[in-house]
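In: Take this sequence and fold it.
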Amino acid sequence: MITEKTPPTLAVPRKRGFPSRKDQSSKTVTDFEVEKILDSRWDKYTGLVEYQVKWKGFAKRDSTWEPKEHLNHCDRLLAEYYTDLNS
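Out: Prediction:
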């Protein structure tokens, strides 16, 4: 699960090509914080809407396309994206 601000105890599946971050106990923990929703598209193969996600601490070129189900706790950022889209 990817959240707007992922709690440190919640591990998120590793994203393609992203480096792992290590916590103090040296277990590999990957937590990614969503900075902004940049774009959306409809995936003709899955029939799902995907969102281009800009990850906090990573360059824009590292943005990935994520289905809405991966953005369960990003309601505020999704609302901001649609507000900006409609203005």
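In: need the strands for this structure, in chain order.
Out: In the chain, the strands defined using DSSP state E lie at 21-22, 28-29, 34-42, 49-55, 64-67.
In: Going by mean pLDDT, which of those strands comes out lowest?
Out: Ranked on mean pLDDT, the bottom entry among the strands of the chain is strand 21-22, at a mean of 52.
In: With Y82 as the reference, name the closest of the strands of the chain.
Out: For the strands of the chain, proximity to Y82 was assessed by CB to CB; strand 34-42 is nearest, at 8.8 Å. (Each C-beta comes from the backbone N, C-alpha and C, glycine too.)
In: by contact count, what packs against that closest one?
Out: For strand 34-42, the packing partners by 3 or more CB pairs under 8 Å, 6 or more residues apart in numbering; DSSP states H and E come out as strand 49-55, helix 75-86.
In: Where does pLDDT dip in the chain?
Out: Where the chain drops to pLDDT under 70, the residues are 1-29.
In: K54 is in contact with S63, isn't it?
Out: Yes - with contact defined as CB atoms under 8 Å, K54 reaches S63; the gap is 5.0 Å.
In: list the residues that contact both of those two?
Out: Residues touching both K54 and S63 by CB atoms under 8 Å, 6 or more residues apart in numbering: L38.
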